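Participant: I would like the atomic coordinates for the input below:
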Amino acid sequence: MRDPEKTVGGMADKAKTAYISYLDEDGFPTARAMLRPREREGIRTFWFSTNTSSRKVQAFRKNPKASVYFVDSRFFRGASLSGTVEVLETAAARERIWRVGDTMYYPKGVTDPDYCVLKFTAQKGRYYSNFKSEDFEIPD
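Facilitator: Here you go, the predicted model:
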């Protein structure tokens, strides 16, 4: 892969779904489908909306290690990013990624106590395409 930021960033931008993984209370890996990131900064930082009451939020509060996976099923390729998640409940973080229509998920609006932001920061990545995988660096 010549340009990880362009390739993986493009996959993230086009994906309808992202998959986020965490370790559950018994230490087992668990994956969840998420709506694609609301924002991203290169391929290092991704911002997701989610429910504060979810199991993944409780798990990230105990252990912030995570992975995010993007797949391009048309070309049977994917990118896995490993890093950490911060659970953010500040007004600034909530307002940053709030979108019209989010009251469908968070009926009380941007201040809904069941609305929070996951800020994923990638440390490394692995890309799969054409029957081979390769590790790549995450640019600062």
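Participant: just the strands in the chain please.
Facilitator: Assigned by DSSP state E, the strands in the chain fall at 17-23, 29-35, 39-41, 45-51, 65-72, 77-88, 115-129, 132-136.
Participant: what would the ones you listed look like in TSV with mean pLDDT, distance to R2 and mean neighbour count?
Facilitator: Placement of C-beta: from N, CA and C, glycine included. Formatted as TSV, the strands of the chain follow (pLDDT from 0 to 100; distance: least, CB to CB, whole Å; neighbours: other CB atoms under 10 Å):
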stretch	mean pLDDT	distance to R2	mean neighbour count
strand 17-23	97	23	18
strand 29-35	96	28	13
strand 39-41	97	20	13
strand 45-51	98	22	20
strand 65-72	97	16	20
strand 77-88	98	14	19
strand 115-129	98	11	19
strand 132-136	96	10	11
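Participant: Any idea which of the ones you listed gets closest to R94?
Facilitator: Nearest to R94 among the strands of the chain is strand 115-129; the distance by CB to CB comes to 6.2 Å.
Participant: and that closest one, which strands flank it?
Facilitator: strand 45-51 (antiparallel), strand 77-88 (antiparallel), strand 132-136 (antiparallel) (DSSP bridges).
Participant: Specify the angle between that strand and strand 65-72 in degrees.
Facilitator: On the basis of axes from the mean of the first three to the mean of the last three CA atoms, to 10 degrees, strand 115-129 is oriented at 60 degrees to strand 65-72.
Participant: tell me how far strand 115-129 is from the chain's mean position?
Facilitator: Centroid separation for strand 115-129 versus its chain: 5 Å, with CA atoms, centre = their mean, to the nearest Å.
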